[in-house]
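A.B. asks: Build me a model from this:
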Amino acid sequence: MKKMIGGAMLLTLCFSCSHQQYVATGLQAQRYPIVAADYSQTNNEMQSLVDHYKMKLDNEMNQVIGVSTQDMTYGRPESLLTNLTSDVMEAYGNKYTDDACDLACMNVHGHRANLSKGNITIGNIFEIYSFENTLVLIKLKGSDLLDAFESYAKMGGSGISSTVKLLIKDGKLESATVKGLPVDKDKVYTIITLDYLADGNDGLDAFKNSIEVIEPGLTLRDAMMQYVKDQTANGKEISSVLDGRIIIEK
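C.D. replies: Purely as a prediction, here's the structure:
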């Protein structure tokens, strides 16, 4: 297979790297074919360098930081893994606000792998939380929170903390409580979520109506990594439950 690099592209690249302004008065282009077969031989020096860093990376990724008591998958309406993630997020939320964090919202596909029973490695955490999503706290009126829960109903559920109970019927929200109380349309709720969702993505347009945004500067991956390490340091294993926080009736 041949790949062609246009001389005009190289010229543009050169100009873009300079602070001085130039005006092109004439252009000449030439094609330089790059043939894969010409590079089939391994460069031993380069391969040695790659192997060196791969070994260091593998050693770090294979480091065991905890133990899971069960297989955890992610899915809708709730799942062991989404419940775990959301509850950990909610606990972190209380660290970054003067007021109590009311709930955590997490999208299902913020997870990219399941968690298997047994040892948890750093590599496992990177596989599950492969995106660079950061934790964000938002202040949101109850009326907008209900709109967000309506979106949850339409999508058949998603990640939510145990402080919330949603009843969904025929794709519509029947009832919603936060910390055991019906959602008050006029109350301002403190929610910890992801920057991606706070921007109104994944159907959560209501989050764009936030009154205040707090950005701790912590990735979800780092938060989950630290949680596992802290649990292990306290002699605890990682577990989760299905507790009916989202119930779907037909």
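A.B. asks: got a list of contacts for stretch 226-238?
C.D. replies: Here stretch 226-238 makes contact (C-beta atoms under 8 Å, 6 or more residues apart in numbering) with 65-69, 84, 88, 91, 115, 120, 125. (C-beta placed from N, C-alpha, C; glycine too.)
A.B. asks: That stretch: which residues count as buried?
C.D. replies: For stretch 226-238, the neighbour count (16 or more other C-beta atoms under 10 Å) marks 227-228, 231-232, 238 as buried.
A.B. asks: now swap in stretch 202-219 and tell me
C.D. replies: Counting neighbours by 16+ other C-beta under 10 Å, stretch 202-219 gives 202-204, 206-207, 210, 216, 219 as buried.
A.B. asks: In strands, which of those residues appear?
C.D. replies: Using DSSP state E, no member of these falls in strands.
A.B. asks: rewinding a little: between all of the contacts of stretch 226-238, which two are separated the most?
C.D. replies: Val67 and Ala91 (19.4 Å; C-beta to C-beta).
A.B. asks: can you count the residues close to the nearest residue to Tyr196 once chain neighbours are set aside?
C.D. replies: Spatial nearest neighbour of Tyr196, excluding adjacent residues (C-beta to C-beta, 6 or more residues apart in numbering): Asn133 at 5.4 Å. Neighbourhood size, Asn133 [other C-beta atoms under 10 Å]: 19.
A.B. asks: Pretty sure Leu194 is one of the things Asn133 touches, is it not?
C.D. replies: Yes. At 4.3 Å, Asn133 counts as touching Leu194 under the criterion of C-beta atoms under 8 Å.
A.B. asks: hey, what's in contact with both of those two?
C.D. replies: With C-beta under 8 Å, 6+ apart, Asn133 and Leu194 have common neighbours 110, 220.
A.B. asks: circling back: now the buried residues of stretch 202-219 in TSV, with pLDDT?
C.D. replies: What follows is the buried residues of stretch 202-219, written out as TSV (pLDDT from 0 to 100):
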residue	pLDDT
Asp202	95
Gly203	94
Leu204	97
Ala206	98
Phe207	98
Ser210	98
Pro216	94
Thr219	98
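A.B. asks: May I see these organised as a markdown table, with distance to Tyr53 added?
C.D. replies: Below are the buried residues of stretch 202-219 laid out as a markdown table (distance: C-beta to C-beta, whole Å):
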| residue | distance to Tyr53 |
| --- | --- |
| Asp202 | 35 |
| Gly203 | 40 |
| Leu204 | 39 |
| Ala206 | 45 |
| Phe207 | 40 |
| Ser210 | 42 |
| Pro216 | 31 |
| Thr219 | 22 |
